[in-house]
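J.: Using only what follows, build the 3D model:
(3 chains)
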Amino acid sequence: MPELPEVETIRRFLEKAIVGEKIVGIEILSKKQFPQEPKLVIGAKIAGIERRGKNLFINLSNSKTLWTHLKMSGQLIWVPATGSKKRPGHPIPFAGSELPAKSTRVIITLQKGKLFFNEMRKFGWMKVLDSAKVQAETGKLGPEPFSSVFTAEYLEEVFRKTAKPVKLVLLDQEKIAGIGNIYANEALFEAGIDPRRPAKEITPEEIEKLRKAVILVLNEGIRYGGSSAADEAYIKPDATKGNYQEHFRVYQRDGEKCHKCGKIIERINLAGRGTFFCPKCQT
DNA sequence: AGTATCCTGGAA
DNA sequence: TTCCAGGATACT
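T.: This is a model prediction of the structure:
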């Protein structure tokens, strides 16, 4: 599922690829994924691409913002026009298949290519809102992990108030923005903390270790272009895979040996989420 | 604060 | 054929 590093990878790609491009058409194949009027965005230019947590904001020249959340299986694929005279609707080859794919929900046509919004599970969406309202709409999101607000003091304050398992607090977007299941598991391993421990019982030393681990694994994820694990839908906008799955410490490694101590990685269910950890390294 | 819900492909 | 993951939100 696209988490902060995956969305940031997409953001950086699109920033280079489509900023300055004008939206000349939009094809909505699933109204649920784009419930508004196409005319709200047609004719506008892409002014910039921003990210907040797992949310992507495509800012337009008409003071509107195209707000996208990819949820679990959303993809944004950029296909530059080749110049060849293909008939409209002609399928475009991509990643061993073709576009539009069965999961394609929206096709945004720009001057120099097409942006495909694919979303297998139909949970993800695109919505148009006034750019000035973005801040208010995302006000409930917690701090960005890379911002100066994400301090040990802040985390201590959050953790002190709840007996929830520490992993659930990491996943709570109102506490920290952008962490999903992969990076929560990885950060807890890196910090040597058992994901089931009540947040309020995590010591200040461990909290600082965890804060650093969160930043470390998110940076790793970005460096490797995100993770495209076996059952993950995530791919980069050029339809190539990220590589972070090759560097997982625990995620989806249950039954395999811990790289640090050799014990077998375990999988448990925590609040309905697959949770992976080393029983020896994480206490 | 805990639970159902959305949705689909793939696993069991 | 049934079951289930999985993020965020709407409920209870």
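
J.: Contact residues of the stretch 101-250 of chain A facing DNA strand C?
T.: A:121, A:123, A:171, A:173, A:180-181, A:231 (CB under 7 Å from any atom of the strand). Placement of C-beta: from N, CA and C, glycine included.

J.: buried subset of these?
T.: In those, burial by neighbour count holds for A:171, A:173, A:180-181, counting by 16 or more other CB atoms under 10 Å.

J.: Adding secondary structure and pLDDT, write the residues you listed out as a markdown table.
T.: Supplementary listing: those in a markdown table, determined by DSSP: H, G, I helix; E, B strand; the rest coil; pLDDT from 0 to 100:
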| residue | secondary structure | pLDDT |
| --- | --- | --- |
| A:L171 | helix | 93 |
| A:Q173 | coil | 93 |
| A:G180 | coil | 92 |
| A:N181 | helix | 91 |
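
J.: how about the residues of the stretch 101-250 of chain A that lie near DNA strand B?
T.: Of all the residues in the stretch 101-250 of chain A, those lying near DNA strand B are A:102, A:120-123, A:162, A:164, going by CB under 7 Å from any atom of the strand.

J.: give me that answer again for 10 Å
T.: Within the stretch 101-250 of chain A, the positions near DNA strand B by CB under 10 Å from any atom of the strand are A:101-103, A:105, A:119-123, A:161-165, A:168, A:172, A:230-231, A:233.

J.: Quick check, A:A47 in contact with A:S61.
T.: Yes - because the distance of 5.0 Å satisfies CB atoms under 8 Å, A:A47 is recorded as touching A:S61.

J.: Would you mind splitting chain A into its domains for me?
T.: Split into domains by automatic domain parsing, chain A comes to A:4-137, A:152-277.

J.: now the first one, how far from the chain's geometric center?
T.: Its chain's C-alpha centre and that of domain A:4-137 lie 15 Å apart, by CA atoms, centre = their mean, to the nearest Å.

J.: can you check the last one too?
T.: Averaging C-alpha coordinates over domain A:152-277 and over its chain gives two centres that are 14 Å apart (CA atoms, centre = their mean).

J.: Which strands and helices lie in contact with the host helix or strand of A:R11?
T.: Remark: A:R11 resides in helix A:4-18, with elements defined by DSSP states H and E. Contacts of helix A:4-18 with other secondary structure elements, assessed using 3 or more CB pairs under 8 Å, 6 or more residues apart in numbering; DSSP states H and E, are made with strand A:46-52, strand A:55-60, strand A:74-80, strand A:113-119, helix A:204-223.

J.: Brilliant, that's me finished.
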